[in-house]
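[1] Predicted model and sequence follow; I will ask about them next.
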Amino acid sequence: MTTKNTPTKEKKVEGWQDAFRLRQDLLQPDVYAFEKAIQKLGGFTLSIIGGGTVQATHVLQAAIEAGWIAEPETEVGEFGPSSNGSGPADKEKRYFIGGKGLHEMTAGEVIWYGSKVTEAYKDAVDIPPN
């Protein structure tokens, strides 16, 4: 199984940070999908978002699964043995941004992406003034 989020428009950017765009229209169903994904991935509470690389990885994976990243293209794929009759438990999910796997990124890259997702999450759940 592979899922993709493909950007709708082409534009030239200079670096990987410039290419990263989160959706700006996050509503309750988007936040709910993110929270459900993060619970499945890490089992930690949202109060510790923004920690080290483990938390940043799970935050980024949840954002990819919930469809929060507008650009660049994201993908989730399942890899591992399947032709020998082994079950889904033997498969490993891998997450990609712009064709680069999270497993191929530096810790600093993952933490940077995770911090941007965390900022968007905090903005999305901020209670508006009365």
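    Yep, it's here.
[2] Next, the distance between the ends of stretch 15-33.
    Taking C-alpha to C-alpha, to the nearest Å, the first and last residues of stretch 15-33 lie 29 Å apart.
[3] Let me see the mean pLDDT of that stretch.
    Average pLDDT, stretch 15-33: 91.
[4] Just the buried positions in it, please.
    The neighbour-count check on stretch 15-33 (16 or more other C-beta atoms under 10 Å) flags Ala19, Phe20, Leu22, Arg23, Leu26, Asp30, Val31, Ala33 as buried. C-beta coordinates here come from the backbone N, C-alpha and C atoms, glycine included.
[5] Pull up the gap between Asp25 and Trp68, please.
    Per C-beta to C-beta, to the nearest Å, Asp25 is found 10 Å from Trp68.
[6] elements contacting whichever strand or helix holds Val31?
    Counting by DSSP states H and E, the element that carries Val31 is helix 28-42. Judged by 3 or more C-beta pairs under 8 Å, 6 or more residues apart in numbering; DSSP states H and E, helix 28-42 is in contact with helix 53-66, helix 107-125.
[7] For the first one, list every residue counted as buried.
    Put plainly, it is helix 53-66. For helix 53-66, by 16+ other C-beta under 10 Å, it's Gln55, Ala56, Thr57, His58, Val59, Leu60, Gln61, Ala62, Ala63, Ile64, Glu65, Ala66.
[8] Quick check: next helix or strand after the helix or strand of the chain with the lowest mean pLDDT?
    Here the helix or strand of the chain ranked lowest by mean pLDDT, DSSP states H and E is strand 2-5, holding a mean of 61. Next in sequence after strand 2-5, counting helices and strands by DSSP H and E, comes helix 16-19.
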